[in-house]
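In: next one to model:
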Amino acid sequence: METETAARVTEAQVWNALHQVIDPEIGCNIVDLGLVYHVAIAGSRVSVAMTLTTPGCPMHESIAQGVQNALLCLEDVDDVDVQIVWDPPWSPAMMTDRGRASVGIA
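Out: Take a look at the predicted model:
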């Protein structure tokens, strides 16, 4: 019986990749905007629960595809599941200090 010793993607690598996904309307990454609620790693599969700034966001598909593309570029990631959720609703209070500074909110 063989034991699998395959390398696995780390949560830090996933978060770093998510920092590269920019909301094109706002010009800030989705992590600093506070859009990413949860990340889970199961083997080579990464699941992301996230929201958008508004339910009618016209960039819905583009941002979700950006998340998928960024994570699939990571070594040891073969599958990505992006769930867009609306609870809790997003608010500017969820932004990091860096996110607020990048969009000019004090």
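
In: residue contacts, the most centrally placed residue in the chain?
Out: The residue lying closest to the centre of the chain (Cα atoms, centre = their mean) is Leu18, at 4.4 Å. Residues counted as contacts of Leu18 (Cβ atoms under 8 Å, 6 or more residues apart in numbering) are Asn29, Ile30, Val31, Val36, Val39, Val48, Val67, Ala70, Leu71. For every residue, glycine as well, the C-beta is placed using N, CA and C.

In: Val39 belongs to a strand?
Out: Yes: under DSSP: H, G, I helix; E, B strand; the rest coil, Val39 falls within a strand.

In: what about the longest helix along the chain, distance to the chain center?
Out: For the chain, the helix with the greatest residue count under DSSP state H is helix 60-72. On the basis of Cα atoms, centre = their mean, to the nearest Å, helix 60-72 sits 8 Å off its chain's mean C-alpha point.
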